[in-house]
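# Please work out how this folds:
(2 chains)
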Amino acid sequence: MRLKDLESKLQNVAGFDKPKIELEQYCTTPHLAARMLYTAHTVYDDIESKVVADFGCGCGILSIAANLLNSSYNLALEIDDDALQIAKENCSEFEVDVDFTLTDLISIPMDHLRNKVDTIVMNPPFGTKNNKGIDMIFLKKAIEAAKISVYSLHKSTTREHIRKKAKEWGVECEVLAEMKFDVPMMYKGHKKKSVDIEVDFIRFAKKSY
Amino acid sequence: MRLVAHNMLQCHVKGCNSNNFPLQLSNVEIEIQETDFNPMFLRNILPKLEWNALVKTALQINITTLPNVLPDTSTDDLDDEFLKMLHRVLLETHIQQGKMICPNCNHVYAIKDGIPNMLLNENET
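Numbers count the residues shown, from 1 in each chain, chains lettered A, B, ... in the order given. Predicted structure coming up:
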């Protein structure tokens, strides 16, 4: 499947009905989601025939993209039941099999995910709504669980901190692209219609693999 | 939820640190949804699964076809019949409703419309 075909298919993924500010629910755009998964697939071969988990799946767009690129099994974790219902609906529209669990990534242990999940894809909350550091909690858990690699989006301003942490955790960290994340101003506190946030698209690789 | 996912879930109530896996299935409603057979995936996932936990869980939902000991997956001679049986158990058997009970602390996690609810109350974490 070509990149533009993947992106065009992902245009049909439904977004949040009522996004929740405290959970930083911005849907990953089809543009970003397609590029993330296409790169993981074509450059690193980390998707096809792999067990792929999606941490904080929201509307499920990353899991659907993984499925379209022939991942063999998909698990998606999400704390918000309303988001999961949309994700489930999206998956049935696309006729893809994803196993969902209603999960708080902060408190869930990784003991039994470890070694079973090959690749983790995620667009974690950035930790800008009184939840500072949540992006790093997601990342640490993902790195703990993934056998091969983790693909994630992080604010570019946190790049050096992330590099330092990756080194500390003993994983390779490669910034694959700088992207603009068009965050729609869907909440009352927002003055502009939308704002571009600079994000890094990063691959973390287990060195032993 | 399929049994592959169940094989990744454990109890995480505060202080419940041992004998908290696998969660025991109870009062379940099962639905079979057919999907494409992918023998390569099965060969890959087999050595990663916690087999004893899987066999035990399968028995709880009256699936008696799994052998107690996992055949040697390093050799390539797993026959198609065996893999097709596994395909049915692992990828086509969906647990739609029911409960998962921790064998240690008896905490109950509900499964609703195919989604297990692993969330805990604040005083449980």
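# where in chain B is pLDDT low?
Scanning chain B for pLDDT under 70 picks out B:75-76.
# Which helix runs longest in it?
The helix spanning the most residues in chain B, taking DSSP state H as the definition, is helix B:51-60.
# next helix or strand past that one?
Downstream of helix B:51-60, the first helix or strand assigned by DSSP states H and E is helix B:80-87.
# Please look at A:Gln11 and A:Pro30 and confirm they touch.
Yes - judged on CB atoms under 8 Å, A:Gln11 makes contact with A:Pro30 at a distance of 5.1 Å. For the C-beta atoms, the positions are set from N, CA and C on the backbone; glycine is no exception.
# if you count what's nearby, which of those two comes out ahead?
Between A:Gln11 and A:Pro30, counted using other CB atoms under 10 Å in any protein chain shown, the more crowded position is A:Pro30 (19 against 10).
# check contacts around that one.
A:Pro30 makes contacts with A:Glu7, A:Ser8, A:Leu10, A:Gln11, A:Val13, A:Ile61, as judged by CB atoms under 8 Å, 6 or more residues apart in numbering or on different chains.
# Now, of those, which are buried?
Among the contacts of A:Pro30, those classed as buried by 16 or more other CB atoms under 10 Å in any protein chain shown are A:Glu7, A:Leu10, A:Val13, A:Ile61.
# Lowest pLDDT pick from those?
Among the buried ones among the contacts of A:Pro30, A:Val13 has the lowest pLDDT, at 91.
# mind listing what that residue touches?
With contact set as CB under 8 Å, 6+ apart, A:Val13 has these partners: A:Cys27, A:Pro30, A:Cys59, A:Gly60, A:Ile61, A:Ile64, A:Asn90, A:Phe94.
# helix/strand/coil for the residue nearest to the last one when sequence neighbours are not counted?
In this structure, A:Phe94 finds its nearest non-sequential neighbour in A:Ile64, 5.3 Å apart by CB to CB, 6 or more residues apart in numbering or on different chains. Here A:Ile64 takes the helix state, with states given by DSSP: H, G, I helix; E, B strand; the rest coil.
# got the contact list for A:Ile64?
Applying CB under 8 Å, 6+ apart to A:Ile64 gives the contacts A:Leu10, A:Val13, A:Asn90, A:Cys91, A:Phe94, A:Val96, A:Val98.
# Is there a neighbour count for residue 35? I'd like the number.
Just so you know, I chose chain A. The tally of other residues near A:Arg35 (other CB under 10 Å) stands at 19.
# Chain B is the one I meant
Residues lying near B:Thr35 (other CB under 10 Å) number 14.
# Verify the stated contact: it with B:Glu92.
Yes - proximity of B:Thr35 to B:Glu92 meets the contact threshold set by CB under 8 Å, at 5.9 Å.
# Identify the contacts common to the two.
With CB under 8 Å, 6+ apart, B:Thr35 and B:Glu92 have no common neighbours.
# Just list the residues touching A:Asn12, thanks.
Taking CB under 8 Å, 6+ apart as the criterion, A:Asn12 is in contact with A:Glu93, A:Phe94.
# if we go to 7 Å?
Counting by CB atoms under 7 Å, 6 or more residues apart in numbering or on different chains, A:Asn12 touches A:Glu93.
# again, but for A:Asp97
Going by CB under 7 Å, 6+ apart, A:Asp97 touches A:Asn74, B:Thr35.
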